[in-house]
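**Q** coords below, sequence missing:
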């Protein structure tokens, strides 16, 4: 991707727009140029999830495997907020399954954002060891989607 000059005042205007509208992220693209401005939500401003009643378990369950962090070298993270799809359409098999070998640049998921289907490509070659999303699952920017070892 070619480098481009960043207009500081334009970035400041986008940041003010985030504050004025209460949005947490704005992204603009023109040709190959893209700019994204995000802001963190203060913990006090976050809405707490509704409490869930505890369901008694008949037997002790094994602890769930911890989800890998985005810093794990094999973690493929979401480049955007949207809806993840594991296959090209509901009747087709998924792009990849756990244990599949993938090549760098191979499409492994699709994320729909604003009615645009964005192919998500493997950032490296290897074997898919974990898939952390299900079909039609909402995903956040930076969320780990799958792991390639």
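**A** Thanks, I have the structure now. Being a predicted model, the structure only gives us computed values, none of them experimental.

**Q** Tell me which residues touch residue 96, please.
**A** Contact analysis of residue 96 by C-beta atoms under 8 Å, 6 or more residues apart in numbering lists 86, 102, 106, 108, 128, 131, 146. Every residue, glycine included, has its C-beta placed from N, CA and C.

**Q** ok, residue 143 touching residue 78?
**A** Yes - assessed by C-beta atoms under 8 Å, residue 143 is found in contact with residue 78 at 4.7 Å.

**Q** In terms of neighbours, single out the busier of those two.
**A** Between residue 143 and residue 78, residue 78 has the larger neighbour count (other C-beta atoms under 10 Å), namely 21 against 17.

**Q** give me every residue that touches the one residue sitting closest to the centre of the chain.
**A** Compute the mean C-alpha point of the chain, and by C-alpha atoms, centre = their mean the closest residue is residue 78, 2.3 Å away. Each residue near residue 78 by C-beta under 8 Å, 6+ apart is listed here: 84, 111, 120, 139-143, 145.

**Q** again, only this time at 6 Å
**A** Contact partners of residue 78, counting by C-beta atoms under 6 Å, 6 or more residues apart in numbering, are 139, 141, 143, 145.

**Q** circling back: buried subset of the contacts of residue 96?
**A** Using 16 or more other C-beta atoms under 10 Å as the burial test, the contacts of residue 96 include 86, 102, 108, 128, 131, 146 as buried.

**Q** Looking at the residues you listed, which two lie furthest apart in space?
**A** 86 and 102 (13.4 Å; C-beta to C-beta).
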